[in-house]
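Student: sequence plus predicted model, see below.
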Amino acid sequence: MNTGCEIINVRLNDAGDAVVIIDQSLLPNETRYLTLRGAGELYEAIAELRVRGAPAIGIFAAYALYVLAAGSAATRYDEFYDELLKNKAYLDSSRPTAVNLRKMLDRMEALARSMSSESVPRIIEAMRREADAIYDEDVAMCRAISEYGLTLVRPGDGILTHCNAGPLATSRYGTGLGAILLAKERGIELRAYCDETRPLLQGARLTTFELYKAGVDTTLICDNMASIVMREGKINACFVGCDRVAANGDAANKIGTSGVAILAKHYGIPFYVFCPSSTIDPNCATGGDIEIEQRAPDEIKEKFFIKPSALPEVKCYNPAFDVTDNALITAIITERGICRAPYAESFAELGLLV
């Protein structure tokens, strides 16, 4: 059975001197691979959502920092480390909300810092191994998350998704889509209703692409149709990924997620958030401490339209994310287990607040 999980959306090229990605901004109409080496184009790939999804961004950042380190002309440790810090800060500034980006960059920098007595070539070699380890760990995490998620569904269930949390956003299987794809592998038929996810349409362009290719019963709906499909009894659960979880269980995900959670609460439908433990930020007390990325107004008025949908003079407010209050979340599914309220206690029991 083809589950679509064979997609490898972030990897090193064979020479090990560039990061290769699927340009997600072009899907589903065009599948184009980009080979990226320079700091500017690596930064742009994150900022322009050519690579997206918190786990995928973390993997990409690790490989990007390695590629930039491998291209350094520095021979002395202090020069090499100073350059690495500048590249790290530059990549980290590309998107502020997803915590995996910063965590994986911190991990790569910590490795280089711990090897200050080693030669630069040995440090670079170790950085490549560390980036590969980050990728492999994500594969294992996605599989474990998917297994836990599978315990939450029954054959024939209708699952509402928002944005994209599948293989394109991670390494394999995904987080929010992982259980759906794993169910398909095991012959368990589910029905997916996918919010289009305005303004960048990741649900329409990416989630329906992955699920349809995997043979899942997939229906695309506009964002403002979530209420009616819930009211009609088509939805048994909501599955979403997330970009950062605060220590109290508040979760930041693609704009519109909190609205889905509010509707689900009204209709008595469980609302599940799926994420690797690396997405939980122990240094962030509540959702109010999460910086929300603001994006260009043209994404609302012009992107995907032949002609602008509003006058040039009309102001736009375009936050990329919103925060879902922990009281609206039925459970948070990680690779270590299923967490339920009170989340701070549940996270602590699983050793996630470290």
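Tutor: Looks like it arrived, so ask away. No experiment lies behind these values; they were computed from the predicted model shown. Numbering: from 1, shown residues only.

Student: if we ignore the residues flanking it in sequence, what's nearest the residue nearest to the spatial centre of the chain?
Tutor: Closest residue to the average C-alpha location of the chain: residue 53 at 2.3 Å, with Cα atoms, centre = their mean. Leaving out its chain neighbours, the residue that sits closest to residue 53 by Cβ to Cβ, 6 or more residues apart in numbering is residue 169, at 2.3 Å. To be clear about C-beta, it is placed using only N, CA and C from the backbone, and glycine gets the same treatment.

Student: and what of residue 206?
Tutor: residue 164 (4.1 Å).

Student: just residue 93 next, same as before
Tutor: Using Cβ to Cβ, 6+ apart and skipping residues adjacent in sequence, the residue nearest residue 93 is residue 43, 7.8 Å away.

Student: can I get the helix or strand containing the one you found as CSV, trimmed to CA atoms?
Tutor: Using DSSP states H and E, residue 43 maps to helix 39-47. Extracted C-alpha coordinates of helix 39-47, given in CSV (Å, rounded to 0.1, in the frame of the first residue of the first chain):
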residue,chain,number,x,y,z
ALA,A,39,23.1,31.3,3.6
GLY,A,40,20.7,33.6,1.8
GLU,A,41,18.9,30.8,-0.1
LEU,A,42,18.8,28.6,3.0
TYR,A,43,17.2,31.4,5.0
GLU,A,44,14.8,32.2,2.2
ALA,A,45,13.6,28.6,2.0
ILE,A,46,12.4,28.8,5.6
ALA,A,47,11.0,32.3,5.4
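
Student: please begin residue numbering at 21 from this point
Tutor: In the new numbering, first residue 21, that becomes helix 59-67.

Student: check which residues of it are buried.
Tutor: Within helix 59-67, the residues that count as buried by 16 or more other Cβ atoms under 10 Å are 59, 62, 63, 65, 66.

Student: can I get those residues in JSON lines with pLDDT?
Tutor: Output for these, formatted as JSON lines (pLDDT from 0 to 100):
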{"residue": "59", "pLDDT": "98"}
{"residue": "62", "pLDDT": "98"}
{"residue": "63", "pLDDT": "98"}
{"residue": "65", "pLDDT": "98"}
{"residue": "66", "pLDDT": "97"}
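
Student: residue 42: which of those is nearest?
Tutor: residue 65 (10.6 Å; Cβ to Cβ).

Student: what's the burial count for the residue nearest to residue 73?
Tutor: Residue 189: 28 surrounding residues under other Cβ atoms under 10 Å.

Student: rewinding a little: residues contacting the residue nearest to the centre of the chain?
Tutor: Residues in contact with residue 73, defined by Cβ atoms under 8 Å, 6 or more residues apart in numbering, are 184, 185, 188, 189, 190, 261.

Student: any idea which of those residues is the one closest to residue 146?
Tutor: residue 190 (24.3 Å).

Student: dump the residue contacts of the closest one.
Tutor: 73, 75, 76, 158, 162, 198 are the contacts of residue 190 under Cβ under 8 Å, 6+ apart.

Student: helix or strand for the closest residue to it other than its chain neighbours, which one?
Tutor: Sequence neighbours aside, residue 75 is the residue nearest to residue 190 in space, at 4.2 Å (criterion: Cβ to Cβ, 6+ apart). For residue 75, the element it lies in under DSSP H and E is helix 74-90.

Student: please name every helix or strand in contact with that helix.
Tutor: strand 30-32, strand 39-42, helix 59-67, helix 97-112, helix 119-134, helix 140-170 (3 or more Cβ pairs under 8 Å, 6 or more residues apart in numbering; DSSP states H and E).

Student: turn these into CSV, including distance to residue 328.
Tutor: Formatted as CSV, the helices and strands packed on helix 74-90 follow (distance: least, Cβ to Cβ, whole Å):
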stretch, distance to residue 328
strand 30-32, 33
strand 39-42, 29
helix 59-67, 22
helix 97-112, 32
helix 119-134, 31
helix 140-170, 39
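
Student: return the alpha-carbon coordinates of the host helix or strand of residue 232 using PDB.
Tutor: Per DSSP H and E: residue 232 is located in helix 228-233. Coordinates of each C-alpha in helix 228-233 appear next as PDB, following Å, rounded to 0.1, in the frame of the first residue of the first chain:
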ATOM      1  CA  THR A 228      -5.100  16.500   0.500                       C
ATOM      2  CA  PHE A 229      -2.100  15.800  -1.700                       C
ATOM      3  CA  GLU A 230      -0.500  13.400   0.900                       C
ATOM      4  CA  LEU A 231      -3.800  11.700   2.000                       C
ATOM      5  CA  TYR A 232      -5.200  11.300  -1.500                       C
ATOM      6  CA  LYS A 233      -1.900   9.800  -2.800                       C
END
